[in-house]
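A.B. asks: Have a look; sequence and predicted model below, questions after that.
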Amino acid sequence: MASTVSSEKIDLLLYGPSKRIVDEGFSDQFVLHKVESFADLDTLDAGVAGKIRGVAITDSIPAGAPMQSRFPKLEIMASFGVGYDHVDSTYAREHGIVVTNTPDVLTEEVADTTLGLLIATLREFVKADKYVRSGLWLGGKFPLSVGSLRDRKVGIVGMGRIGQAIGRRLDASLVPVVYHSRNPAAGVKYKHYPDLIEMAKAVDTLIVIVPGGASTLKMINADVLKALGPRGVIVNVARGSVVDEPALIAALKSGAILAAGLDVFADEPKVPDELKTMQNVILLPHIGSASVYTRNAMDQLIVDNLIDWFAGKPPLTPIPETPVKGR
Ligand code: NAP
Ligand code: 8YV
């Protein structure tokens with residue numbers, strides 16, 4: 001399968017919130033059509049929908065069969081984010097549509113966020129900040145934190161690009177690391193645990209950085225939390241779907257684990273009220289990659305994937321489920 005290179009105009013759909021780099025990234029060989037949400041797709045003229053050959057999905061908005069099937073000439077969808085659980089890649093593969101994501105350019109940023117969240121959770125930075133602002137410091141010193149990185153062993157759930165970047169940061173902090181994934185990761189020195197429960201028993205800290213989707217749904221469940229034990233700390237920067245949220249709330253409430261740092265939630269941006277009232281959790285609004293620097297690089301990769309494809313080249317970062325044949 002290959003895109004036809006010609007001097008004809010190429011119709012692209014920019015699907016999702018407007019992004020300067022995407023809006024301004026294409027030459028006048030491209031005709032851009034903008035739609036912010038699934039509901040707004042109805043505003044597209046049928047004649048236009050019939051001409052769309054490429055889609056830039058500019059945020060993690062669902063691109064399932066009902067969306068993709070509106071575009072009979074669709075060749076490629078360039079999606080924002082390394083995770084693509086919002087895209088129906090099975091439908092895409094079956095219909096010869098290539099999907100690209102934005103790996104690598106966000107890896108170090110997300111790993112930075114993860115270490116920051118881990119340390120902030122253990123050393124109670126949010127509570128400490130409130131202590132200063134409220135004037136409580138004038139009445140006495142902030143209590144010592146129960147948690148510390150110094151006496152911990154971390155199990156990373158997912159040892160891909162970001163898991164390895166997190167591992168490098170923990171190495172620099174002299175923290176022992178092991179990991180769980182389905183297969184041992186090539187060239188990785190840490191001990192591999194094929195069994196998640198066995199790893200949870202062997203560590204006191206879990207950092208979760210696997211993809212979302214069916215194979216990881218609620219994999220951090222009550223049994224894993226119990227195995228982690230009362231010193232246990234969970235940092236989830238993967239997807240909310242990966243953690244059984246009610247089981248996590250119960251474990252945090254009962255003291256079955258110590259604390260959690262969460263960047264992602266099962267039904268985000270809705271966050272359970274119970275979590276919001278807990279003192280032993282830090283809650284972030286899915287900001288793992290959310291700096292201007294890194295988001296610009298992600299947006300640029302969307303543009304570059306589409307430009308390369310329509311220049312007759314292979315896209316830069318196709319997902320494995322929709323391999324590119326014939327280029
Ligand atoms: P990656 O390089 O593809 O690594 C994924 C890792 O997860 C691999 O080690 C893989 O190993 C493991 N894995 C996949 N399915 C698994 C399963 N069912 N059970 C156990 N391990 C499994 O991906 P990445 O670039 O590191 O990104 C990982 C994920 O982080 C993304 O998909 C995204 O959901 C999330 N993320 C979040 C943010 C944020 O803002 N919070 C930012 C970026 C990424 P095996 O295949 O051997 O199992
Ligand atoms: C994105 C992410 O910010 O890349 C991913 O998988 O989770 C983040 O980097 C997110 O997709 C934005 O909604």
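C.D. replies: Sure, I can see it. Keep in mind that what you see is a predicted model, and the values were worked out from it rather than measured. Residues are numbered from 1 along each chain as shown. Ligands and ions are numbered 1, 2, ... in the order given.
A.B. asks: From Phe310, how far out is Phe80?
C.D. replies: Using C-beta to C-beta, to the nearest Å, one gets 18 Å for the distance from Phe80 to Phe310. Placement of C-beta: from N, CA and C, glycine included.
A.B. asks: same question, Ser254
C.D. replies: If you go by C-beta to C-beta, the gap between Ser254 and Phe310 works out to 56 Å.
A.B. asks: So between the two, which is more surrounded?
C.D. replies: Taking other C-beta atoms under 10 Å, Ser254 and Phe310 do not tie; Phe310 has more neighbours (22 against 10).
A.B. asks: from what I can see Glu124 touches Gly147, true?
C.D. replies: Yes: under the criterion of C-beta atoms under 8 Å, Glu124 makes contact with Gly147 at 7.3 Å.
A.B. asks: Break this structure down into its structural domains.
C.D. replies: For the chain, the structural domains run 10-103+292-310, 107-283, going by automatic domain parsing.
A.B. asks: Please determine whether the last one lies in contact with ligand 2.
C.D. replies: What it means is domain 107-283. No: residues of domain 107-283 contacting ligand 2 under C-beta under 6 Å from any ligand atom: none, with a closest distance of 6.5 Å.
A.B. asks: Just the terminal-to-terminal distance for that domain.
C.D. replies: End-to-end distance for domain 107-283, by C-alpha to C-alpha, to the nearest Å: 21 Å.
A.B. asks: So that domain, near ligand 1 or not?
C.D. replies: Yes: using C-beta under 6 Å from any ligand atom, we find that domain 107-283 touches ligand 1 at 110, 158-163, 181-183, 185, 209-212, 215-216, 237-239, 263-264.
A.B. asks: in stretch 33-51, what counts as buried?
C.D. replies: His33, Lys34, Val35, Glu36, Leu41, Leu44, Ala49, Lys51 (16 or more other C-beta atoms under 10 Å).
A.B. asks: and the gap between the last one and Ile10?
C.D. replies: What it means is Lys51. 9 Å.
A.B. asks: what does the first one give?
C.D. replies: Separation of His33 from Ile10 (C-beta to C-beta): 11 Å.
A.B. asks: With the third one instead?
C.D. replies: Per C-beta to C-beta, Val35 is found 17 Å from Ile10.
A.B. asks: hmm, back to that, generate a PyMOL selection restricted to the buried subset of the residues of domain 107-283 next to ligand 1.
C.D. replies: Only the buried entries of those go into this PyMOL selection, using 16+ other C-beta under 10 Å:
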select buried, resi 110+158+159+160+161+162+163+181+185+209+210+211+212+216+237+238+239+263+264
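A.B. asks: which regions of this structure sit below the pLDDT cut-off?
C.D. replies: By pLDDT under 70, the low-scoring segments of the chain are 1-7, 325-327.
A.B. asks: And the domains of the chain: which comes nearest Thr322?
C.D. replies: Counting by C-beta to C-beta, Thr322 lies closest to domain 10-103+292-310 out of the domains of the chain; the figure is 4.7 Å.
A.B. asks: Figure out the length between the terminal residues of that closest one.
C.D. replies: Span of domain 10-103+292-310 from end to end, C-alpha to C-alpha: 8 Å.
A.B. asks: what do you get for stretch 152-161?
C.D. replies: Across stretch 152-161, first to last residue, C-alpha to C-alpha, it's 23 Å.
A.B. asks: Return the distance of stretch 206-219 from the chain's centre.
C.D. replies: Between the centre of stretch 206-219 and the centre of its host chain there is 10 Å, according to C-alpha atoms, centre = their mean, to the nearest Å.
A.B. asks: same deal with stretch 286-298?
C.D. replies: 11 Å.
A.B. asks: Spell out whether that stretch and ligand 1 are in contact.
C.D. replies: Yes: Stretch 286-298 reaches ligand 1 (C-beta under 6 Å from any ligand atom) through His286, Gly288, Ser289.
A.B. asks: Next step: those restricted to strands.
C.D. replies: Among these, no member falls in strands (criterion: DSSP state E).
A.B. asks: anything in stretch 51-69 near ligand 1?
C.D. replies: No: Stretch 51-69 lies out of reach of ligand 1 by C-beta under 6 Å from any ligand atom, never closer than 9.3 Å.
A.B. asks: still on that earlier bit, out of the residues of stretch 286-298 next to ligand 1, the closest to Leu275 would be?
C.D. replies: For those, the nearest to Leu275 is His286 (14.1 Å; C-beta to C-beta).
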